[in-house]
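Enquirer: Following is a predicted model, sequence given first.
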Number of protein chains: 2
Amino acid sequence: MPLDYPAPFLELARELRRLPGVGPRSAERIALWLLSNKDARPAALSAALASAPAAVHPCRRCGFFATGDLCEICAQPSRSGREICVVEHATDILPLERTGTFGGVYHALGGRLAPLDHIGPDQLRIEPLVARVREEAPCEIILALSADVEGEATTNYLREILAPLGVPLTRIAHGLPAGGGLEHADQITLQRALSGRRPAGERQPG
Amino acid sequence: MPLDYPAPFLELARELRRLPGVGPRSAERIALWLLSNKDARPAALSAALASAPAAVHPCRRCGFFATGDLCEICAQPSRSGREICVVEHATDILPLERTGTFGGVYHALGGRLAPLDHIGPDQLRIEPLVARVREEAPCEIILALSADVEGEATTNYLREILAPLGVPLTRIAHGLPAGGGLEHADQITLQRALSGRRPAGERQPG
């Protein structure tokens, strides 16, 4: 048996290697740092890892990260009864929130329709969305899903399901990204930018 | 106050961000993965982080990682009384060991002389090295330090200190790296490769 690091070291490197974006060499380097560097605080990281999963869970209503029953957004009374913005993942909420231009609430589906991966409507939080729309009577439902094939399919499916509820239904604009030149945009982006054109008198936000 | 992730999440991301090679975006991504992915095992990583620092410590004799008093290398009786290979860091030992061509023991200095960083001979494990040489009477001392200015300075210093002990003193070869063409080698490497030339009849190991 060739010589190697002691077992507890290898165990630590093995667990680190499972993290996204951490390869075998990075894992070894991080483990060495954690055990050799006097600035390292392995105990603090260990404690954070032990406590966070129990303390953080999905918001009962929208699916965003919460420590209580409702997340910080759903807990704000001023936001209820307004727009519901439907996103794929809970992680899509903060980027939208950071734009500072949306004052409604969110609903994370937990993914998008992907028949090849066996993800159908029942695997997503679509039923709870319909129930929420009935109960909260929002002034608008905004679909903010990915601009790819599966995102489009999910948008279309939701449109069929939600249209009968009688709430105004919109989707976020697709077009040229900010700072993007026409020469770098692909054909589909330009197609959507053209078909989504608006009167030139309207002011762009931001 | 702008909305952000819950405090336990941010605490976890902050600790992850302190790891080498993990930036703010990676830290957030890893924390999201740890809390959202059902394949993640935050508890296992937490346990490994909690147990490894207490279980792993430097070998009393050579400074390599050990779980007992001596590391796996120093604990092998067949290796004592042979060559002592002097390296800068404990992490330099395994790469040398993996070559499979060295059957002696090691000695990690814990760094190299760096006056600008206030690292002098007293900050390194030089005194214990001298004591070891006196006690173990090795057949040879091999200096395997970095091929840069500080490594050279440390090698020269050790040569002065160790020469009076009467043990044959060698240093690892500097020259063209394996697979490296002459056109990619810098001037100093070629200089050392030339001055370290050996009779062409000798067979290269490996």
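Expert: Nice, thanks for sending it over.
Enquirer: any idea how chain A splits into domains?
Expert: As given by automatic domain parsing, the domain ranges for chain A are A:7-55, A:58-199.
Enquirer: In chain A, where is pLDDT below threshold?
Expert: Within chain A, the set of residues satisfying pLDDT under 70 comprises A:1-2, A:202-206.
Enquirer: Okay, strands next: where are they in it?
Expert: A:57-58, A:65-66, A:84-87, A:105-108, A:141-143, A:169-171 (DSSP state E).
Enquirer: Figure out which of the ones you listed is closest to chain B.
Expert: Smallest distance to chain B across the strands of chain A (CB to the nearest CB): 5.4 Å, for strand A:65-66. In this view, the C-beta of every residue, glycine as well, is placed from N, C-alpha and C.
Enquirer: quick one: the closest one near chain B?
Expert: Yes - against chain B, strand A:65-66 shows contacts by CB under 8 Å from any CB of the partner chain at A:65-66.
Enquirer: partner strands of that strand, parallel or antiparallel?
Expert: According to DSSP bridges, strand A:65-66 forms sheet pairs with strand A:57-58 (antiparallel).
Enquirer: which residues sit against the strand it pairs with?
Expert: A:64-67, A:90, A:108 (CB atoms under 8 Å, 6 or more residues apart in numbering or on different chains).
Enquirer: ok, which pair from those is furthest apart?
Expert: Among the contacts of strand A:57-58, the pair separated by the greatest distance (CB to CB) is A:Thr67 and A:Ala108, at 16.6 Å.
Enquirer: if you count what's nearby, which of these two comes out ahead?
Expert: Taking neighbours as other CB atoms under 10 Å in any protein chain shown, A:Thr67 and A:Ala108 compare with A:Ala108 leading, 23 against 16.
Enquirer: separation between that one and B:Arg171?
Expert: Taking CB to CB, to the nearest Å as the measure, A:Ala108 falls 61 Å from B:Arg171.
Enquirer: now A:Gly111
Expert: To B:Arg171, A:Gly111 is 59 Å away according to CB to CB.
Enquirer: would you turn the strands of chain A into CSV with distance to B:Arg192?
Expert: Shown next, in CSV, are the strands of chain A (distance: least, CB to CB, whole Å):
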stretch, distance to B:Arg192
strand A:57-58, 60
strand A:65-66, 57
strand A:84-87, 60
strand A:105-108, 61
strand A:141-143, 66
strand A:169-171, 66
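Enquirer: just the helices in chain A please.
Expert: Defined through DSSP state H, the helices belonging to chain A, from first to last, are A:7-17, A:24-36, A:42-55, A:93-98, A:126-136, A:149-162, A:187-195.
Enquirer: Now render those helices as CSV, adding distance to chain B and mean neighbour count.
Expert: Formatted as CSV, these follow (distance: least, CB to the nearest CB, whole Å; neighbours: other CB atoms under 10 Å in any protein chain shown):
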stretch, distance to chain B, mean neighbour count
helix A:7-17, 4, 20
helix A:24-36, 5, 19
helix A:42-55, 4, 19
helix A:93-98, 5, 17
helix A:126-136, 18, 15
helix A:149-162, 19, 16
helix A:187-195, 24, 13
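Enquirer: Minimum distance to B:Ala27: which of those helices has it?
Expert: helix A:42-55 (10.9 Å).
Enquirer: quick one, the closest one and helix A:7-17 angle?
Expert: 50 degrees (axes from the mean of the first three to the mean of the last three CA atoms, to 10 degrees).
Enquirer: Quick one: list the elements packing against helix A:42-55.
Expert: helix A:24-36, helix B:7-17, helix B:24-36, helix B:42-55 (3 or more CB pairs under 8 Å, 6 or more residues apart in numbering or on different chains; DSSP states H and E).
Enquirer: Between these, which one is closest to A:Ile126.
Expert: helix B:24-36 (19.1 Å).
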